[in-house]
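Student: Fold the following.
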Amino acid sequence: MTKTEVGPVFISYSRKDEAVMQRIVTFLRNRDIKVWVDNEKLVPGTPIWEVEIEKSIKRASAIIVLLSPDSKESEWVRREISLADQHHARIFPVLVRGDEDSAISIRLITRQFVDIRKNEEIGLNSLCTELSRYLKELEDQERKNGEETEILAREKAARERAEQETTEKATRKETKREVDTTPFAPHVDQEKPGNRAWIIFLAIIAIAVVVYLALNYLPGKILPVAPNEPASVKPAVSSTSDLMLEVAIPNWPTYEQGSQGPEVYAIQSLLSLHGQDVTLDGVFGPGMRAAVMDFQTREGLYVDGTVGPQTWNALVQGARISQGTGNEAIIMAVQVLLQEKYGYGITVDGDFGPQTTNAVTDFQSNQNLTVDGVVGDETWQALIVY
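Tutor: Numbers count the residues shown, from 1 in each chain. The predicted structure is shown next:
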């Protein structure tokens, strides 16, 4: 089996931080970590430079963002962060200049960062340790995926060979029947009892398929579920608001290890509300996957470590908040979603005050929800889905 290799690490930085960028590149390459930087073979600002930047981020295994007041104001750094999030690339922020207020953008405010301002060597060693661990996990996952793909390919080839052999056998049998049939004997007399039994068996299979499709896909019968989660019976619509939720809002999305962003931060806050010990950093790592599996076990759900519709429904139970009430971590999760995902200019402080209430009611109005300023199941689902 060939060795599985992951893509290089991409570094996003301001031109004014080029000196520290070069030191970081040298440090990582000396420890056998592949790094891609734009100033080695390309001329910044040219059309080919822009194309190669996009290609490199798409194939990168991780993104290191150098945080400084200049990078915070850089349009290109913002674009690179957005593209990295779009392609679910893991982001490793590194604070090189300034302070948290002047150097960290809203998009990265919930992410853990490495600080190399006071002691660069200690900071870079910490970065290298975490980066190496993540790349090893990624390489193991890629190898596992490759092995599963090979197995599936072999199974498919075996099925195709079996189907071909069955078809050829049936063709030979039919040809023999046509040769053996005489004009003096009715066709039904030429049929053997075994053939009639085969036809009856196929008819039973067809009826079973029709019944299965009717039970699983008629409107109002079965909830759509994420992959790997067992289906559950959908409750009857009990009110007008329930009907509006069913029609207006798509089903919960699925998040798994490797996902990141404000939605993952919300999952971590909800897990914390339910007693799970997780880091609130917006990154779905191995520790968070273990917490999800423990939560699913406690709730009697299908245990797979992914957050699909049934797990979402269990997580938001007890997470109803409104002005002056609610868990601080849950309030911050809602504020992060409103600020980072929907662009509301509110402060992330864990206080559900008038500012947050106004943002919630405006969001509910824009999404055609019940406008009451309360973040319940319906508003939670809309915040995550849209």
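
Student: How is this structure partitioned into domains?
Tutor: As assigned by automatic domain parsing, the chain contains the domains 9-142, 195-224, 240-385.

Student: For the stretch 1-150 of the chain, which segments count as strands?
Tutor: Listed in chain order, the strands of the stretch 1-150 of the chain (DSSP state E, counting those that start in this stretch) span 9-12, 35-36, 62-67, 90-95, 114-115.

Student: Could you list the paired strands of the second one along with their orientation?
Tutor: The reference is to strand 35-36. strand 9-12 (parallel) (DSSP bridges).

Student: per-residue confidence averaged over the partner strand?
Tutor: For strand 9-12, mean pLDDT is 94.

Student: Repeat that for stretch 297-314.
Tutor: Mean pLDDT, computed over stretch 297-314, is 94.

Student: Can you list the buried residues in that stretch?
Tutor: Leu301, Asp304, Gly305, Thr306, Val307, Gly308, Pro309, Gln310, Thr311, Trp312, Asn313, Ala314 (16 or more other Cβ atoms under 10 Å). Yep, even glycine has a C-beta here, placed from its N, CA and C like the rest.

Student: Then stretch 32-40?
Tutor: Neighbour-count burial for stretch 32-40 [16+ other Cβ under 10 Å]: Ile33, Val35, Trp36, Val37, Asp38.

Student: Next, find the distance separating Glu75 from Ile57.
Tutor: Glu75 sits 15 Å away from Ile57, going by Cβ to Cβ, to the nearest Å.

Student: Comparing these two, which residue is more hemmed in?
Tutor: Of the pair Glu75 and Ile57, Ile57 is the one with more neighbours under other Cβ atoms under 10 Å, namely 22 against 7.

Student: so who does the nearest residue to that one once chain neighbours are set aside touch?
Tutor: Distances taken as Cβ to Cβ, 6 or more residues apart in numbering place Leu83 nearest to Ile57, at 4.9 Å, with adjacent residues excluded. Applying Cβ atoms under 8 Å, 6 or more residues apart in numbering to Leu83 gives the contacts Glu54, Ile57, Lys58.

Student: Can you tell me which of these is nearest Lys341?
Tutor: Proximity of the contacts of Leu83 to Lys341 (Cβ to Cβ) peaks at Ile57, which lies at 20.6 Å.

Student: shouldn't the closest one be in contact with Ile63?
Tutor: Yes. Between Ile57 and Ile63 there is a contact under Cβ atoms under 8 Å: 6.8 Å.

Student: shared neighbours, these two?
Tutor: With Cβ under 8 Å, 6+ apart as the test, Ile57 and Ile63 both reach Phe10, Glu80, Ala84, Ala89.

Student: Adding distance to Asp362 and neighbour count, write those out as a markdown table.
Tutor: Shown next, in a markdown table, are the shared contacts of Ile57 and Ile63 (distance: Cβ to Cβ, whole Å; neighbours: other Cβ atoms under 10 Å):
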| residue | distance to Asp362 | neighbour count |
| --- | --- | --- |
| Phe10 | 36 | 25 |
| Glu80 | 30 | 26 |
| Ala84 | 29 | 22 |
| Ala89 | 32 | 22 |
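
Student: Including distance to Arg154, could the residues you listed go into a markdown table?
Tutor: Conversion of those to a markdown table gives the following (distance: Cβ to Cβ, whole Å):
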| residue | distance to Arg154 |
| --- | --- |
| Phe10 | 35 |
| Glu80 | 40 |
| Ala84 | 35 |
| Ala89 | 31 |
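
Student: what two of the residues you listed are the furthest from one another?
Tutor: Greatest spatial distance in those: Glu80 and Ala89, 9.8 Å, computed using Cβ to Cβ.

Student: Overlap of the contact sets of these two?
Tutor: Joint contacts of Glu80 and Ala89 (Cβ under 8 Å, 6+ apart) are Phe10, Ile57, Ile63.

Student: how about those in a markdown table, adding distance to Glu147?
Tutor: As requested, those are exported to a markdown table (distance: Cβ to Cβ, whole Å):
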| residue | distance to Glu147 |
| --- | --- |
| Phe10 | 27 |
| Ile57 | 27 |
| Ile63 | 27 |
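
Student: The host helix or strand of Gln310 packs against which elements?
Tutor: Element membership of Gln310 [criterion: DSSP states H and E] is helix 309-315. Counting contacts by 3 or more Cβ pairs under 8 Å, 6 or more residues apart in numbering; DSSP states H and E, helix 309-315 is packed against helix 262-273, helix 286-299, helix 377-385.
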